[in-house]
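>>> pasted the sequence and its predicted model underneath.
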Amino acid sequence: MENTVGELRPIRFGAFELDASAGELRKRGVRIRLQEQPLRILQMLLANPGHVVTRDELRDALWPANSYVDFDQGLNRAINKLREALGDSAENPIFIETLAKRGYRFIGSLAVTPRRIASLAVLPLDNLSRDPEQEFFADGMTEALITNLAKVGALRIASRTSVMRFKGTRNKSIREVAAELGVDGIVEGTVSRDRDRVRISAQLIDAATDTHIWAESYERDLQSIFALQNEVACSIVKMIQATVTPQEHARLAIWREVRPEVYEHYLKGRYFWNRRTLEAMSKGLEYFQSAIDKDPNYAPAHVGVADSTTRLGWHGFVAPEQGCGRGKAAALRAIQIDGTLADAHAALGFALVHYDYAIDAATAEARLALELDPRSVNATQTLAICLMSAGLTEEALKAITHAIELDPLSLAVRWNAGVFCYLARKYDRAVAESRKCFEFDPGFVQAWSTLVFVLAKQGHDDGLIAQFERIAQASAGNQYLLGILGHYYASVGRRSDAQGVLDQLRAVSAQRWVSAFWPAVIKAGLGEMEEAFFGLDAAYVEHTPWLAYAKVAPFLDDLRSDARFDELLRRLNPRTLLQTAVAGPRGAGMHGA
């Protein structure tokens, strides 16, 4: 059975708000100290706007017949205190009009009851702390508020990556921001931290009318930060009267205790992880590991390690063992501590498909993550990856399209959509999705890589290759970018340039790990099949993540007519690893986190 949070809604007038259920009068979210009798008089007046509330009615309600007080003196004193609190006057009333010998009348305008709000965006909370290094804390509080509100199924909450595009910008109106995010309401506010004290001020705005529905400030010590986050979210849910199921009530009431110093390191890890550069992800990984060192049983930090290592491994910045292999172990540890974390199951699925090529097991993890959190973008993307790797291209495209609906302004999701269209051989759509990335960030390198993939398949250059050459050569030997460039050269017959990339990859391998995968792809384009298959065999042994897409990848088309490629696909058959993937790759056992 469902119920509605909040039966008595606060009444707003001017800059004021009377919350009868809490017994509070607030001005722009700040509580005004007011005694009981003036507060009750205001409540009676607001319940009868435009109508006279007689002196007799006030006496009967507030001064019982057996009380021995001077009623006239008491009523005048209460009205004066109420007017003082409201900044009103008897001579020139704004809110309370006196009708001589009769009573009083509320003459102000009550705020119009807002339309039903079914979707919200929490804009990045402003950091009011003097220390700019506390930005990580403000971002962490924003993400926590988004996460808590997302627990209510009746609400659609804009994702963190979408709202973070508006961080530090005030060049768009509330209505424009809401229209871009596709939401009914906006939550904005501030956060400040002074040593071990935290203060959050938040306000809820009806985007259609740009009117403030609610505002409040909260202050707690750092030890109670989770209770603070929960209270803010519950207040917002209460104000918009969102329908909340008993299960959601239970989830809103639960938070995981953690020492402040552990949580601080975790927030710093997420702050750097969300930047998605090599340097930032590496630094984020250090903070996640530091949080684990301080508290080995803090599951979200293990998820952070899993997210960081799997992405570092996917991009080829670290070897597979330290990438998706380590990420798998970290995700398993997080699930062992707390199996209800959707992101932990999504991270495990991502690792399984890219390290063990265990598509069935990975798909099961992604679907479990979506059961735990149906609006998880990470889980939706992981499911799309699994479907694409299995050759179910149309289902994969539906899944990634749904991810875009969940997170329409995410560069990473939009880039994945372009890649998936390329893998599904829908080249025009792949180009269109990639170019949409440039609307958000013209320098987004990953979108350039997808365009070059398409150009290699179509066999022409529309002026982008020269720009991509500069990007790849300036990437400090990024094997993913160099491999794509070499694949393009080989595909269009630029043999000497392709050989130059092979030489460059060989030189990079003297400094750090380089997969056998991209040289094999380039060799295939050059028609050197023996060396190409030798390289793919080595890539399989080393658990190269890109081999997970072998069934559909157009960049491997030169090899598909060879019986050895069929044999490779048989070795990549996901069902052969379904029973052993979670225990360890090919019987190798668990990897250390």
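Yep, that arrived.
>>> how far does stretch 512-521 sit from the chain's center?
33 Å (CA atoms, centre = their mean, to the nearest Å).
>>> what's the span of that stretch, first residue to last?
Using CA to CA, to the nearest Å, one end of stretch 512-521 lies 20 Å from the other.
>>> got a list of contacts for it?
With CB atoms under 8 Å, 6 or more residues apart in numbering as the test, stretch 512-521 has contacts from 316, 318-319, 477, 479-480, 482-484, 486-487, 502, 505-506, 508, 531-536, 538-539, 542, 544, 546-547, 555-556. Bear in mind the C-beta positions are built from the backbone N, C-alpha and C, glycine included.
>>> show me which of those residues are buried.
316, 318-319, 477, 479-480, 482-484, 486-487, 502, 505, 508, 532-533, 535-536, 539, 544, 546-547, 555-556 (16 or more other CB atoms under 10 Å).
>>> hmm, who's touching the helix or strand in which Glu17 is found?
Element membership for Glu17, per DSSP states H and E: strand 16-19. If you take CB under 8 Å, 6+ apart as the criterion, strand 16-19 is touched by 8, 10-11, 24-27, 29, 39, 42-43, 46, 86, 214-215.
>>> then stretch 45-60?
Residues contacting stretch 45-60 (CB under 8 Å, 6+ apart): 11, 13, 18, 41, 44, 71, 75, 96, 99, 101-108, 110.
>>> can you rerun that using 6 Å?
Residues from elsewhere that reach stretch 45-60 (CB atoms under 6 Å, 6 or more residues apart in numbering): Ile11, Met44, Phe71, Leu99, Arg102, Gly103, Tyr104, Arg105, Phe106, Leu110.
>>> just the buried members of these?
Using 16+ other CB under 10 Å, the buried ones in the contacts of stretch 45-60 are Ile11, Gly103, Tyr104, Arg105, Phe106.
>>> any idea which of those is least confident?
Taking these together, the minimum pLDDT is found at Ile11 (82).
>>> helices or strands up against the helix or strand that contains Tyr489?
Assigned by DSSP H and E, Tyr489 belongs to helix 479-491. Judged by 3 or more CB pairs under 6 Å, 6 or more residues apart in numbering; DSSP states H and E, helix 479-491 is in contact with helix 445-458, helix 465-473, helix 495-509, helix 517-525.
>>> pick the most deeply packed of the ones you listed.
Greatest average neighbour count among these goes to helix 517-525 (a mean of 26), per mean count of other CB atoms under 10 Å.
>>> circling back: quick one: strands adjacent to the following helix or strand past the strand holding Glu17?
Once strand 16-19 ends, the next helix or strand along the chain (criterion: DSSP H and E) is strand 24-27. Strand 24-27 sits in its sheet next to strand 16-19 (antiparallel), strand 30-32 (antiparallel), going by DSSP bridges.
>>> for the stretch 151-300 of the chain, give me the ranges with low pLDDT.
169-170, 254-255 (pLDDT under 70).
>>> at which residues are the helices of it located?
Using DSSP state H, counting those that start in this stretch, the helices of the stretch 151-300 of the chain run over 160-163, 174-181, 225-239, 246-252, 260-273, 278-294, 299-314.
>>> if I pick the nearest residue to Gly313 once chain neighbours are set aside, what's in contact with it?
Spatial nearest neighbour of Gly313, excluding adjacent residues (CB to CB, 6 or more residues apart in numbering): Gly323 at 1.5 Å. Residues near Gly323 by CB under 6 Å, 6+ apart: Thr309, Leu312, Gly313.
>>> now do Tyr422 against Ala447, distance only.
11 Å (CB to CB, to the nearest Å).
>>> work out for me the element Val514 sits within.
Using DSSP H and E, Val514 is not contained in any helix or strand.
>>> give me the distance between it and Thr450.
The value you get for Val514 to Thr450, if CB to CB is used, is 22 Å.
>>> can you check Ala301 too?
33 Å.
>>> next one: Thr393
For Thr393, the distance to Thr450 - CB to CB - is 16 Å.
>>> if we can go back for a sec, in strands only, show me the buried ones among the contacts of stretch 45-60.
Among the buried ones among the contacts of stretch 45-60, the members falling in strands (DSSP state E) are Ile11, Gly103, Tyr104, Arg105, Phe106.
>>> just the residues you listed now: which is nearest Pro132?
Nearest to Pro132, judged by CB to CB, of those is Ile11 at 39.9 Å.
>>> list the contacts of that closest one.
Here Ile11 is in contact with Leu18, Leu46 (criterion: CB under 6 Å, 6+ apart).
>>> now swap in Pro38 and tell me
So Pro38 contacts Ala78, Lys81, Leu82 (CB under 6 Å, 6+ apart).
>>> and the pLDDT at the closest residue to Glu216 other than its chain neighbours?
The shortest distance from Glu216 to any non-neighbouring residue, by CB to CB, 6+ apart, is to Gly29 (5.0 Å). pLDDT recorded at Gly29 is 70.
>>> and what of the one 3 residues further on?
Per-residue confidence (pLDDT) for Ile32: 87.
>>> distance of it relative to Gly108?
As judged by CB to CB, Ile32 and Gly108 stand 16 Å apart.
>>> one more: Arg193?
Where Gly108 is concerned, Arg193 sits at a distance of 37 Å (CB to CB).
>>> check Glu528 too.
Counting by CB to CB, the gap between Glu528 and Gly108 amounts to 83 Å.
>>> cool, and Gly323?
From Gly323 to Gly108 the distance is 63 Å (CB to CB).
>>> report pLDDT for the closest residue to Met281 other than its chain neighbours.
Distances taken as CB to CB, 6+ apart place Ser308 nearest to Met281, at 5.3 Å, with adjacent residues excluded. Looking at Ser308, its pLDDT reads 97.
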